[in-house]
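Undergrad: Provide a 3D model corresponding to the input given below.
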Amino acid sequence: MQLLQNKTTISSLELVEQINIFRAEERANGSTDRLHADTAHDSLLKIIREEFEEEISLGEINESNYMNERGREYPKFDLTLNQAKQVLVRESKIVRKAMIAYIEKLEKPKQLTTLEILEIATKAELARLEAVERALLAEKTVDILTHVNKTYTSTEISKELRFKSANELNKKLHDLGIQYKQNETWVLYSKYSNLAYVDIKQEVLDSGRVVYHRRWTQIGRDFLIKLLNN
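TA: Below you'll find the predicted structure:
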């Protein structure tokens with residue numbers, strides 16, 4: 001069997017909870033020893049501050065905060081198991097013995113059953129798969145953002161679609177009623193002209209001649225791939 005690492009500290013919250021559990025058992029058993037009502041966490045904090053006044057002043061024991069169910073912060077202490085035993089001197093013999101046995105159990109490495117090992121392994125594998133899924137999603141998002149503004153020439157797309165040349169691709173698109181030629185420039189028919197399929201930039205040459213450079217957008221590329229692969 002695999003062993004789980006033993007605990008070395010206990011919080012004042014856990015300590016007061018266990019003390020009250022054993023006090024309740026003591027009352028239920030009708031012990032003749034002195035009986036205790038449940039103690040409040042604030043009362044235990046007072047005992048800890050009195051018992052470890054010097055250690056707290058030297059910073060060897062630090063006070064921290066926890067948040068309750070209502071979202072309010074309250075103080076607590078984290079004690080070593082030996083320090084926790086020292087606090088128990090004010091408890092009844094029955095409660096003190098039960099608490100010492102509880103603390104000593106915390107000191108021993110816990111032996112895991114086959115089912116517990118399987119549950120831990122399953123949770124670890126699920127966490128790993130979730131991490132892989134998040135990484136793949138992040139990679140896909142980066143890839144989309146990288147290519148969303150990318151544009152393509154007709155030559156690039158013709159090669160991707162296994163046409164011999166951009167001229168062959170343009171002729172095919174003309175035959176399909178996608179585009180027509182005007183002033184030596186291929187122009188999309190009105191049905192497709194407002195769908196952001198192409199990005200056209202105008203260039204004025206030194207001679208005064210106006211040349212139009214057309215590139216396909218990512219949306220246009222996807223349209224052509226779906227159209228011509230079918």
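
Undergrad: Residue 176 versus the closest residue to residue 88 other than its chain neighbours, what's the distance?
TA: The spatially closest residue to residue 88, leaving aside those adjacent along the chain, is residue 96, at 4.8 Å (CB to CB, 6 or more residues apart in numbering). For every residue, glycine as well, the C-beta is placed using N, CA and C. To residue 176, residue 96 is 90 Å away according to CB to CB, to the nearest Å.

Undergrad: and if you look at residue 165?
TA: 17 Å.

Undergrad: pLDDT value on residue 157, please?
TA: What the model reports for residue 157 is a pLDDT of 91.

Undergrad: roughly how far is the helix or strand that contains it from the heart of the chain?
TA: Residue 157 is part of helix 154-160 when elements are defined by DSSP states H and E. With CA atoms, centre = their mean, to the nearest Å as the basis, helix 154-160 stands 41 Å off its chain's centre.

Undergrad: list the buried ones in that helix?
TA: Residues 154, 157, 158 are the ones in helix 154-160 that count as buried (16 or more other CB atoms under 10 Å).

Undergrad: Would you point out which residue is most central in this structure?
TA: Nearest to the geometric centre of the chain sits residue 131, at 7.8 Å (CA atoms, centre = their mean).

Undergrad: Can you classify that residue by secondary structure?
TA: Going by DSSP: H, G, I helix; E, B strand; the rest coil, the secondary structure assigned to residue 131 is helix.

Undergrad: Also residue 202?
TA: Look at residue 202: counting by three-state DSSP, its state is strand.

Undergrad: per-residue confidence for it?
TA: Residue 202 carries a pLDDT value of 80.

Undergrad: Tell me how many other residues surround it.
TA: Residue 202 has 8 neighbours, counted by other CB atoms under 10 Å.

Undergrad: How much space separates it from residue 214?
TA: Counting by CB to CB, the gap from residue 202 to residue 214 is 10 Å.
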